[in-house]
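Asker: fold the following.
(chains A and B)
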Amino acid sequence: MTDPLGGFSAFGVDLAGIRRVLAAATTWGADDADLYFEHTTGHSVGLSDGAVNRASLSTDVGVGVRVVVGDQVGYAYTEDLSLEAMLGAARTAATIARTAGREVPPVVSGRGTSPSYYPVGRNWEDVALTERIPLIRAWERAAFAMDPRIQKVQVSLADADKRVLIVRADGRMVTDHRPMTQAYVSCTAASGERTESGSHNLAARDDLAFYTADRQDRLVRLAVDRAIDALGATTAPAGEMTVVLAAGSSGILLHEAIGHGMEADFNRKGISIYADRMGTRIAPPGVSVVDDATLPGARGSLNVDDEASDTERTVLVEDGILKSYLHDRISARHFGVAPTGSGRRESFRHPVLPRMRSTYMEPGPYDPEEIVRSVERGILCETFGNGQVQIGAGDFSFYVRSGWMIEGGQRTRRVKDVNLIGNGPDALAGIEMVGNDLVIDEGGWTCGKDGQGVPVSQGMPTVKVGRLSVGGGQG
Amino acid sequence: MTDDRELIDLADWAVSAALRLGAEEVAASASRSDQIQLAWRAGKIEQASEAVSRGLSVAVLVGDRYTSNATSDLRKSALSSFLADCVAAARELEPDVARRLPAPEECGRGASEAELDLDDPVWLTRTPDQRAADVAGLEAAIAERPAGDVVSTAANLAEGRGVSVRVTSGGFSELTRGAWFSLGGETTLRDGERRPEAAVGYAARYYRDLPSLPFIADDLRVRAEERLGSGPVSSGVYPAIIENRVAGRILGLLLGPIAGITLHEGRSCFRRSLGEPVGSSLLTILDDPLIPRGLASHAWDGDGRRPVRREIVAKGVLRSFYLNTYYARKLGMTPTSGGRSNWVVEAGPRPWQAVAADWPQAILVTGFLGGNANPTTGDFSFGIRGRLVENGVPTKALSEMNMAGNLGQILHDLVALGDDVWTYGSTQSPALIFGGVRFSGK
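Answerer: Numbering: from 1, shown residues only, chains lettered A, B, ... in the order given. Below you'll find the model as predicted:
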């Protein structure tokens, strides 16, 4: 018999039950409602002290019930997928509509279709532990072989198969199989009395084929290089200076300085510094910023968002002009535009919010070395850690794990562990040169908002910003 | 009580089933939590969410081979299959003799449920109307105290109660319960092109231990006023006052270097510092998991050991690492605990304003923005917001500034403690006052 849920019978639900739950959720009426079923199996295996000595398995299953009335949201979830428990969650979520209900009869019709930005050749569930173990062993051996100053190596490989089934009260029903993998290598290096550490990770919505020989080599080499390079690095000077952001993970500048401010819930409430600036210039000509759910295999990609809207490549800033916010269905209704497929949630335990997917700046005309040569005194930021932003004030910070001092147009000494802080609109206005070398970073970035973490990607060409405050440790 | 019995039965069953599958040691934890969140904005509910959540975690040892696992799929058929996979996965690993559960005699409760007093009975009688009245009342109180040209105000409530059971093959079987309540507010103001925001939050184990709604609204107004007209001052070295409620961010820098995993990997700047001075003699940090109604109090630690009060730093000397059973064995040391509980720092004799009165200029840090630290070197760099303080009086609002330094240096530079211990968090500390910290701004 054909499975009407497209192979998602793992949830143990059927269409008749889904209809009853949706009917309960919309008992008091609603402008929108959805059921978000999620089933995730995860594996991780790790190596330390030369032994593959830890592993973990996980299973997470449940359903979130959301009822929307205007911009008000009622939400409930349960890990118990019995009809009784789901009906209980639906009745709880429905109470939001008691005083301001709308009439939207639930009609579950056909399945929606979605593109496939991350085709799965082989499920992670079908990859035996004995296939993962040789990989991490090889990474450890390679790390020790690269430099005798490497003293300790930690390696892990984690992966997951997430399956979601989203059913909306307007009749749309979609399924999505979302693989995820992340590999991590951490090295401790010592020379004389000095000890430093360095790490690198790779992540993707992909299967085992993601780990090509080139990627594996890069994973290990960058972890080793970062630990070794740190042995010769010092802290940067403090104060305002020119900042060159290297191509790749410096996309965190976009993520913090621009991306969060473009999330439409903040603009709907008027609390973003970019509220009321639609159609105005917020960056110099030549600067274009995109948030894209369609990059093949990227950690931030989505075939369909978490409220069953189609995803897309959204141009946020085009040639310096603010063109679009990132919308979920609530904000799209508020602004009278189509959703951008940006409604995301960490899991079935969380309601939908507008979120970024893969955020990057389009390449510009300059050769990266020309950009470095143009700097009299500044800092070149190569690898990054975390960042944070204040949505309304526009102030942001991001942490630079490693980079270079630039003096007289030359890289003069390695620096590390500095925080950069600035104001989003000011930093955008301060972009002076954009390189021709866009790189989408393959790191395992996770974006946090309202207590929810979702996987994202980011990218950047080499970019020169006239002035940012560098939180160095020297005068 | 029936639900509690079900949790115990679930954990018992998981241990027995894993042993039948060939596991030699098993620890199972089953939990249930009730969670309610309410957000109120512009005079109405913005979001209401409610859930009852259950889960099971199982650690399995097969001949020194170890897996730690978790599932929320509690159907017995699914659980049987899951446990079989956990045991099978353990067999594929290499042995690690450090992987053992602690001996039964080392395990147990550190305090009774009555002594910990974490389970406010009010939780069971709270009604949806009472919760709505709290957030509506708080937003109204915030609106009555505008700090400027208000763009938006909101109030948030989160409440919950959890029950957790731990059962091991060594005979450990205990249950613990705890409730939590939190209330907070936020406001966004128009300030030229900027829309600075401020937020406050309070948490407690007992509902009646939360401050009043007017108190929270007053606190938010002060914080919002501080955001107006903010900007950087000149880069330089300033005396620094870290406000009590954010002192945990600086004290927490210790956690990386004294964690078992960091020490084991040889990347701790304090790996040779046990028993040595790591800070000013003014600095004493007590880790106390047994504080009645403490937000981070617990009946047993992550390994099932009896938690005990422990000095982490005493008069500037590092007294303890955080070592669970595994990393203690790896390092050949005695286990302490795998993670922190409540941190308590005693108050100093004077308000920070009195200490700062002698300084023409100092910087009061009231919040952090991003930043990070390197546990291998102790170097840190954080974005900050706060106030310039001139002769003890807060003046200019600060933003777009960083503070940076080294953990070993800044802890030695602690020159005074305020008299104002913050009690609404798991770090109960007064303001920390440092003699000279490098800030970067203009």
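Asker: what parts of the stretch 51-200 of chain B come near chain A?
Answerer: Applying C-beta under 8 Å from any C-beta of the partner chain, we find that the stretch 51-200 of chain B lies next to chain A at B:51-55, B:65-75, B:78, B:82, B:85-86, B:89-90, B:92-96, B:99, B:128, B:151-152, B:188-189, B:191, B:193-197. In short, each C-beta sits where N, CA and C put it, glycine included.
Asker: show the buried residues in the residues you listed.
Answerer: When these are checked for burial by 16 or more other C-beta atoms under 10 Å in any protein chain shown, the buried set is B:51-55, B:65-74, B:78, B:82, B:85-86, B:89-90, B:92-93, B:96, B:99, B:151-152, B:188-189, B:191, B:194-197.
Asker: which residues does residue B:228 contact?
Answerer: B:147-148, B:189, B:191, B:196, B:397 (C-beta atoms under 8 Å, 6 or more residues apart in numbering or on different chains).
Asker: restricted to strands, list these.
Answerer: B:189, B:397 (DSSP state E).
Asker: pipe the contacts of residue B:228 into JSON lines and attach distance to residue B:323 and pLDDT per row.
Answerer: Formatted as JSON lines, those follow (distance: C-beta to C-beta, whole Å; pLDDT from 0 to 100):
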{"residue": "B:147", "distance to residue B:323": "47", "pLDDT": "88"}
{"residue": "B:148", "distance to residue B:323": "50", "pLDDT": "90"}
{"residue": "B:189", "distance to residue B:323": "47", "pLDDT": "94"}
{"residue": "B:191", "distance to residue B:323": "48", "pLDDT": "93"}
{"residue": "B:196", "distance to residue B:323": "43", "pLDDT": "92"}
{"residue": "B:397", "distance to residue B:323": "43", "pLDDT": "95"}
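Asker: closest to chain A among the contacts of residue B:228?
Answerer: Of all the contacts of residue B:228, chain A sits closest to residue B:196, with 4.2 Å by C-beta to the nearest C-beta.
Asker: could you pull up phi and psi at that closest one?
Answerer: phi -60, psi 140 (degrees, to the nearest 10).
Asker: for the closest residue to it other than its chain neighbours, grab the count of nearby residues.
Answerer: Of all residues not flanking residue B:196 in the chain, residue B:227 sits nearest, at 3.7 Å (C-beta to C-beta, 6 or more residues apart in numbering or on different chains). Using other C-beta atoms under 10 Å in any protein chain shown, the number of residues around residue B:227 comes to 27.
Asker: doesn't residue B:227 lie inside a strand?
Answerer: No - using DSSP: H, G, I helix; E, B strand; the rest coil, the secondary structure at residue B:227 is coil, not a strand.
Asker: doesn't residue B:190 make contact with it?
Answerer: No - using C-beta atoms under 8 Å as the test, residue B:227 is too far from residue B:190 to be in contact (11.3 Å).
Asker: could you say which helix or strand holds residue B:370?
Answerer: Assessed by DSSP states H and E, residue B:370 sits inside strand B:362-373.
Asker: name the helices or strands packed onto that strand?
Answerer: strand A:377-389, strand A:395-407, strand A:410-423, strand B:236-242, helix B:352-356, strand B:379-390, strand B:393-406 (3 or more C-beta pairs under 8 Å, 6 or more residues apart in numbering or on different chains; DSSP states H and E).
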